[in-house]
Each structure stands twice: as structure tokens, then as C-alpha cells.
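Undergrad: sequence below, structure please.
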Amino acid sequence: MTDRLIPQLKLSEFTARCLERLGLAPDDARLVGDTLVTSNLRGVDSHGVVRLPHYATRLRNGTINPKPSMRVQRTGPATAMVDGGAGMGQLVAVRAMKEAIELAREAGAGAVGAKNSSHCGACAYYAELAARAGMIGIALTHSDPIMVPTGMKRIFLGSNPIASISLSRRLVSGARASTEMETRPGITLAPPGSTSTCPTVATAPSISLAAALTRKIAAAALRRASSRTYIGVVPA
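TA: Predicted coordinates:
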């Protein structure tokens, strides 16, 4: 296996140059690049620079506007809505969080929605904007359907990520699904952590934060032990 460590600044500059070539304004390109590289530094490589080809495809085919005209509408003393103008999701999310911070300064709390946007990357980046402003920040979004809800036969729900300050996690169908299973006739709920091949016994997922972090660490170790090239990022 070959390890290649790329300095943070070098990767950020490369990413920003790519996005500029795709039509983004220089400041916007640097901001989006920073969100991607920050995800790599946090160990969330799935939302790092690996997303760049996807964004390039959408910018080229016109489904993302490289220079959107965003509009903010105040809908109440502590609420607002951002129309992202079909721009990069990162730019829309940052604008929404900045508006939420301003609302919180004025009213004690701020809640801002966003529409006409696109994939925004890792939500933790935006929650941390609030934390740096001395506030408690929460950022959340929907995602494409990837899960089958209880009692259905087709994929319907997304992972729907949520970030609070610097803790980012995804919703799972654990406790609520367990409760629903208990109320369904003919279904017996097995203890958490157990398995069963009986069609009338449902297993209840039990996922704690510690377990989730352990899985992250184990996955990173396995990735490093693989035979493919691993590209990492190191702080400047």
C-alpha cells in the first residue's frame, strides 16, 4: 500500500483552482474548497475532495449555478428562508447559518431554512460557524432515499444527517423502529445486539456514540491496511 500525505494548504489551493475553472467566483471557490478539505481533516473522506468530480459534472451540465443570486426572506422575528438560486449547497448553507447567527443575536434564537440548493457536504462545518460565534449551532438536511421504512417494500427514507456544534452524526432507525416493531402483531423483538433467522423475530439495532466512533476508527484502520493507494491530508 502507498500512502500519500498532501499538505492542507496545497490541497485547498488545488480544489479552489478547480472550482474557479468551473465558473465559481474566487471567494466562493475557496469557501467550498475549505469545506471539502476540512471534511478530509476530520476523517470524513466521503464528504471531502472525493466529491469534486460530482460537483464538476453538475456545474458542467448546468444543474448547479456557479454564480447564483441568493435571496434571504425574513419570515418572523427569529426565522428566515434562503433561496439558493440553484447554487453550490455549501454556499447556501453558509449563507443560511450566517443569517441564523444574526437572528440569534437579535432575538435570542434563529432558525433558517434553505431551498433551491444542492448537496452541501458535511453539516458539521456549518454548526461550527455558530460555535465560533459563541452559540450552539445545529445544521441538518435531507438526503436521497437509501432506506426502507418499517412495514414498506421500497426505499423511501434518506440518512438525513444532523450536526450539533462539532458532533456530526446520521439518523438511524434504531429506537423508533424498535418501538414500532413492538406494536406490530406477530412480531417479536429480539434483545439489542442479538441476531435471529426466524421471520417473526425482529432484531433491534443498538448504536451508541461510543460504538459509532469505534466503527469509524476501525474503518479507518481497515482502509489503511488495504492494498489501494490512500490519500490523506495533514494540517498546514
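Undergrad: now do the same contact list for residue 51.
TA: 36, 119, 121 (CB atoms under 8 Å, 6 or more residues apart in numbering). Where C-beta positions appear, they are placed from N, C-alpha and C, glycine not excepted.
Undergrad: quick check: the first one touching residue 45?
TA: No. With contact defined as CB atoms under 8 Å, residue 36 and residue 45 do not form a contacting pair (10.0 Å).
Undergrad: mind checking which of those two has more residues around it?
TA: Between residue 36 and residue 45, residue 36 has the larger neighbour count (other CB atoms under 10 Å), namely 26 against 18.
Undergrad: residues touching the more buried one, list them.
TA: With contacts defined as CB under 8 Å, 6+ apart, residue 36 is in contact with 15, 47-49, 51-52, 121.
Undergrad: ok, back up a step: need the contacts of residue 51 in a markdown table (columns: secondary structure, distance to residue 96 and pLDDT).
TA: As requested, these are arranged in a markdown table below (DSSP: H, G, I helix; E, B strand; the rest coil; distance: CB to CB, whole Å; pLDDT from 0 to 100):
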| residue | secondary structure | distance to residue 96 | pLDDT |
| --- | --- | --- | --- |
| 36 | helix | 18 | 96 |
| 119 | coil | 15 | 93 |
| 121 | coil | 13 | 93 |
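Undergrad: quick one: which of the residues you listed is nearest to residue 152?
TA: Distance to residue 152 across these (CB to CB) is lowest for residue 119, with 25.3 Å.
Undergrad: beta partners for residue 79?
TA: residue 76, residue 111 (DSSP bridges).
Undergrad: pretty sure residue 4 sits in a helix.
TA: No. The assignment for residue 4 by DSSP: H, G, I helix; E, B strand; the rest coil gives strand, which leaves it out of any helix.
Undergrad: so which residues make contact with stretch 97-105?
TA: Counting by CB under 8 Å, 6+ apart, stretch 97-105 makes contact with 72, 77-80, 82, 109-112, 126-127, 129-130, 133, 135, 137, 139, all of which sit outside it.
Undergrad: that stretch: which residues count as buried?
TA: Applying a neighbour-count criterion of 16 or more other CB atoms under 10 Å, the buried positions in stretch 97-105 are 97-104.
Undergrad: cheers, nothing more for now.
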